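Turn this into a model:
(chains A, B and C)
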Amino acid sequence: MPELPEVETTRLGLQPHAEGHVIAAVTVRQPQLRWPVPDAIGHAVDQEVTRLERRGKWLIWRLSAGSLLWHLGMSGSFRVWHNPPAPGRHDHIDVIFDAGHVIRYTDPRRFGALLLGGSDPLAHPRLASLGPEPLGGDFSGQWLYRLGRGRRVAVKNFIMNAAVVVGVGNIYACEALFAAGIDPRRAAGRISLQRYQRLAEQIKATLGQAIEAGGTTLSDFTDSHGQPGYFAQKLSVYGREGQPCRACARPVRRIVQGQRSTFFCPRCQR
DNA sequence: AAAGACACCTGTCCGC
DNA sequence: TGCGGACAGGTGTCTT
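Below you'll find the predicted structure:
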């Protein structure tokens, strides 16, 4: 469920409950996530969380020694509890702090992951090959244009490739392409520098606005206090098959690319 | 090397 | 009301 804005919203919500606090215990009720949660996760006990960071859709918990690397997959979420209720079927992991509160990880589909990283978490194999942050200075239309040369893959799949740019998931890929007026089926190698500059701007704008709005609400996204985000009502094309394009009123189309739904306006997007 | 298919797993919704 | 099928925010791995 979470795309980058949802992960960033989660990070901001957890930060005051994690940074500066010492982990008293980690309870893993279900270790079978995307990869098995390592037994060595117990190394986190008695360590202080010094910083909570994000890289792409990974949450990085820097510890006094080492780090935790946490990914929410499709359906992961956290909640902070001061008096946690009995864990439910999908409440797989509790991080218990010495101050008494608990950060509980819930993930029905179990596509998420919790890994142990070293003192240089960005060097972990899962993070080392990630492309630039979309909201950072290394990401630009120039970058997309250069990387896209000679590529025949559809631009939508191209921008969802984490080696190209991290954090652009299915919703925001559709939204940014709409905002940039680019047909999602167009080959990555057949887009001008000028149009890539527009696309890069719109990726930044779309993600930035979603973060400000607290993440997208779909069926079940909530922040760390269980509150929904407020961006869903602003979506231009995602999930709007058959409904009128907000710009030209022609029906929004849905197609499938790389086994994922793509929503776009055939008139506004060329 | 690039691109596409498939895999992981559970829940929800829709049509019959 | 029940049942089967399609679909859902991600991404690593395998095959062409």
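
Am I right that A:Arg109 is in contact with A:His92?
No - the pair A:Arg109 and A:His92 does not pass the contact test of CB atoms under 8 Å, sitting 11.2 Å apart. (Glycine included, C-beta is placed from N, CA and C.)

which residue packs closest to the residue in the stretch 151-270 of chain A positioned nearest to DNA strand C, ignoring adjacent ones?
Closest to DNA strand C within the stretch 151-270 of chain A is A:Gly169: 2.1 Å, counting by CB to the nearest atom of the strand. Closest residue to A:Gly169 apart from its sequence neighbours, by CB to CB, 6 or more residues apart in numbering: A:Glu3 at 3.7 Å.

which ones are touching A:Pro87?
A:29, A:94, A:104 (CB atoms under 8 Å, 6 or more residues apart in numbering).

Mark which of those are buried, thanks.
Neighbour-count burial (16 or more other CB atoms under 10 Å) applied to the contacts of A:Pro87 gives A:94, A:104.

Could I get the full set of strands for chain A?
Along chain A, the segments classed as strands by DSSP state E run A:23-28, A:49-55, A:58-63, A:67-71, A:77-81, A:91-97, A:102-106, A:113-117, A:253-257, A:260-264.

Walk me through which strands the second one pairs with, and which way each runs.
In this case it means strand A:49-55. strand A:58-63 (antiparallel) (DSSP bridges).

So if we follow the domain assignment, how does chain A break up?
With domains defined by automatic domain parsing, chain A comprises A:4-123, A:141-264.

Turn these into CSV, including mean pLDDT and distance to DNA strand B.
Shown next, in CSV, are those (pLDDT from 0 to 100; distance: least, CB to the nearest atom of the strand, whole Å):
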stretch, mean pLDDT, distance to DNA strand B
domain A:4-123, 97, 3
domain A:141-264, 90, 4
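
ok, back up a step: which of the strands of chain A sits closest to A:Ala173?
strand A:260-264 (7.9 Å; CB to CB).

Contact residues of the stretch 51-200 of chain A facing DNA strand C?
A:56-57, A:71, A:73-75, A:109, A:111, A:126, A:160, A:162, A:169-171 (CB under 7 Å from any atom of the strand).

Need the max-distance pair from the residues you listed.
A:Arg126 and A:Ile171 (22.8 Å).

between the two, who's got more neighbours?
Of the pair A:Arg126 and A:Ile171, A:Ile171 is the one with more neighbours under other CB atoms under 10 Å, namely 24 against 16.

returning to what we had before: next one: the residue nearest to A:Gly169 from A:Met74, what distance?
To A:Met74, A:Glu3 is 10 Å away according to CB to CB, to the nearest Å.
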